[in-house]
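[1] A predicted structure for the sequence below; I have some questions about it.
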Amino acid sequence: MQAQQQKALDARQAEARAREGLAALQEAAQKRLDAELRRVELRVFLYRLLLTLPLLVAAGWLFARKRGSTWWPFVWGFIFFALFAFFVELVPYLPSYGGYVRYLVGIVVTVLVGRQAVVALQRYRERQLLAEQQPDTVRREELSYDTALGRLAKGVCPGCERTVDLKAPDIDFCPHCGICLHEHCGRCQVRKSAFSKFCHACGAPGRLLPAAPGASAATTGPRGPAG
């Protein structure tokens, strides 16, 4: 009886030792498996980085140099494609660091876009100051016709884009930059917008010079039928 009990005890101890050994082997195997999976994930990430990094570099160059060119729809389309490739095709392959990568990229993009906006604003103000120093006729000729009409419709000066009362009958020049807003037609002397191509009263060209003093009514007024 004692011999049988001893054999059972030895068997249980052997089983416990076998389980401990199996657990140790499983733990070591799991560590090797995790390390191998990590290497595979890193390898896949590097492969995808080799594909997406040139896209990001090209998108950055296009944004800096070509975003305002004639082909701007294709430029912005490529930029959005590069961003999609980065956040969808690359970042998910960093499961442990993907969130931090997004935060880091968001910070970098915010800094770059903010800096670009500040630089663009400074350049715009410099251009405005230089434009305000030019003669009135030169400034009006440099303004696009559609741009001037759009700004006038918003109630702002076409030259400096500051608010001005365009309906006031005594305001012919912008009080902020001095550009001419209203002038008198050279044929019928009606007050009209200085940016109109033709007079709304008689249809004369907008750049028609005022008539000389003492000119006859036949010259300055509308002509009647020949008789």
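    Good, I have the coordinates. As the structure is a computational prediction, the values presented were derived from the model and not from experiment.

[2] how many neighbours does the nearest residue to residue 193 once chain neighbours are set aside have?
    Among residues not flanking residue 193 along the chain, residue 182 sits closest, at 6.1 Å (CB to CB, 6 or more residues apart in numbering). The C-beta positions use only the backbone N, C-alpha and C, and glycine is treated the same way. Neighbour count of residue 182, defined by other CB atoms under 10 Å: 17.

[3] pLDDT at residue 182, what is it?
    With respect to pLDDT, residue 182 scores 88.

[4] Ok, residue 140 next?
    pLDDT, residue 140: 74.

[5] Likewise for residue 74?
    90.

[6] cool, and the one 3 residues further on?
    At residue 77, the predicted lDDT confidence score is 90.

[7] what helix or strand does it sit in?
    Element membership for residue 77, per DSSP states H and E: helix 72-89.

[8] With residue 106 instead?
    Assessed by DSSP H and E, residue 106 sits inside helix 98-132.

[9] can I assume residue 175 sits in a helix?
    No: assigned with DSSP: H, G, I helix; E, B strand; the rest coil, residue 175 falls outside any helix and is coil.

[10] where in this protein is pLDDT low?
    92-102, 136, 207-227 (pLDDT under 70).

[11] Check which helices and strands the helix of greatest length in it is in contact with.
    As assigned by DSSP state H, the longest helix anywhere in the chain is helix 2-65. Other helices and strands packing on helix 2-65, by 3 or more CB pairs under 8 Å, 6 or more residues apart in numbering; DSSP states H and E, are helix 72-89.

[12] picking that back up, packing partners of the helix holding residue 77?
    Using 3+ CB pairs under 8 Å, 6+ apart, the elements in contact with helix 72-89 are helix 2-65, helix 98-132.

[13] okay, the ones you listed in JSON lines with mean neighbour count and distance to residue 147 next?
    Listed next are the helices and strands packed on helix 72-89 as JSON lines, based on neighbours: other CB atoms under 10 Å; distance: least, CB to CB, whole Å:
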{"stretch": "helix 2-65", "mean neighbour count": "11", "distance to residue 147": "24"}
{"stretch": "helix 98-132", "mean neighbour count": "11", "distance to residue 147": "13"}
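
[14] related to what we said a few turns ago, the residue nearest to residue 193 against residue 194, yeah?
    Yes: in this structure, residue 182 is within contact of residue 194 by CB atoms under 8 Å, at 5.9 Å.

[15] Quick check: the gap between residue 137 and residue 201.
    Counting by CB to CB, to the nearest Å, the separation of residue 137 from residue 201 is 22 Å.

[16] If you could redo that for residue 119, that was the one I meant.
    46 Å.
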